[in-house]
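build me a model:
(chains A and B)
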Amino acid sequence: NAGVTQTPKFQVLKTGQSMTLQCAQDMNHNSMYWYRQDPGMGLRLIYYSASEGTTDKGEVPNGYNVSRLNKREFSLRLESAAPSQTSVYFCASSATPGYNEQFFGPGTRLTVL
Amino acid sequence: QQQVKQSPQSLIVQKGGISIINCAYENTAFDYFPWYQQFPGKGPALLIAIRPDVSEKKEGRFTISFNKSAKQFSLHIMDSQPGDSATYFCAASGGFKTIFGAGTRLFVKA
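The predicted model follows:
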């Protein structure tokens, strides 16, 4: 039981390049989330998927797109990376939204030069 | 914008002491208040959580105190240990969204 897995662990991009962060969970959870973590700002929600087939914007969606590929997988895409997107990105999942523990992946550390 | 304000930013406590971290929220629609613990290089993990219909919840050395009228809640770590050294995040959750505090970096001196 791997829980929530993320790839890659580290990535360096140049401004304007694109990339996709992958996330998968094996807990049969309905809801999945993408957060970014910046020093002194906690975790901020980028996008979430309440259930398979649905996605919605969080607090900081600009510059990102997501795809809920199936119940297990939720990817985050940066179409044209900017230095302001340098951050640590966490994927999380929960059984349902609301009163439920979110399980986090190990994170992807992204640097945009 | 919905906010959760967390204090202090950092905290140093002697082994065996009590660590206290405070949070305040604005939106009365929040109905689930978890605390997450994060070690360096790892993702956050749920430590303890409370719903607003109770004023206190205790799990081992960890206690959440909740004051609904003041819109404040706090985490108390009793008999703090060096292994508790980590970053702690409070959060407030309502429906599909969870808003996190900025985090408190706790260091417990041996």
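
CA atoms for contacts and neighbours, from now on please.
OK.

identify the residue spatially nearest to whatever residue of chain A ends up closest to chain B, adjacent ones excluded.
Closest approach of chain A to chain B (C-alpha to the nearest C-alpha) occurs at A:G42, with a separation of 3.9 Å. Nearest non-adjacent residue to A:G42, counting by C-alpha to C-alpha, 6 or more residues apart in numbering or on different chains: B:A102, 3.9 Å away.

give the burial count for that neighbour, as a bare number.
B:A102 is flanked by 27 other residues according to other C-alpha atoms under 10 Å in any protein chain shown.

show me where the chain has its strands.
Since no chain was named, I'll use chain A. A:4-7, A:10-13, A:19-25, A:31-37, A:43-49, A:56-57, A:64-68, A:74-78, A:87-94, A:103-104, A:108-112 (DSSP state E).

the chain in question should be chain B.
B:4-7, B:10-14, B:19-25, B:33-38, B:45-50, B:56-59, B:62-67, B:72-77, B:86-94, B:97-100, B:104-109.

what does the longest one rub up against?
Looking back up the chat, that one is strand B:86-94. Residues from elsewhere that reach strand B:86-94 (C-alpha atoms under 8 Å, 6 or more residues apart in numbering or on different chains): A:42, A:98-99, B:4, B:6, B:23, B:25, B:29-40, B:98-107.

which among the residues you listed end up buried?
Applying 16 or more other C-alpha atoms under 10 Å in any protein chain shown to those, the neighbour count classes A:42, A:98-99, B:4, B:6, B:23, B:25, B:30-38, B:98-107 as buried.

okay, and the beta partners of the most centrally placed residue in chain A?
Chain A has A:W34 as the residue nearest its centroid, 2.8 Å off, counting by C-alpha atoms, centre = their mean. Listed beta-bridge partners, A:W34: A:Y47, A:C91 (assigned using DSSP bridges).

how about it, what does it touch?
By C-alpha under 8 Å, 6+ apart, the contact set of A:W34 is A:L45, A:I46, A:Y47, A:Y48, A:L76, A:Y89, A:F90, A:C91, A:A92.

which two in the residues you listed are spaced the farthest apart?
A:Y48 and A:Y89 (13.3 Å; C-alpha to C-alpha).

no further questions, thank you.
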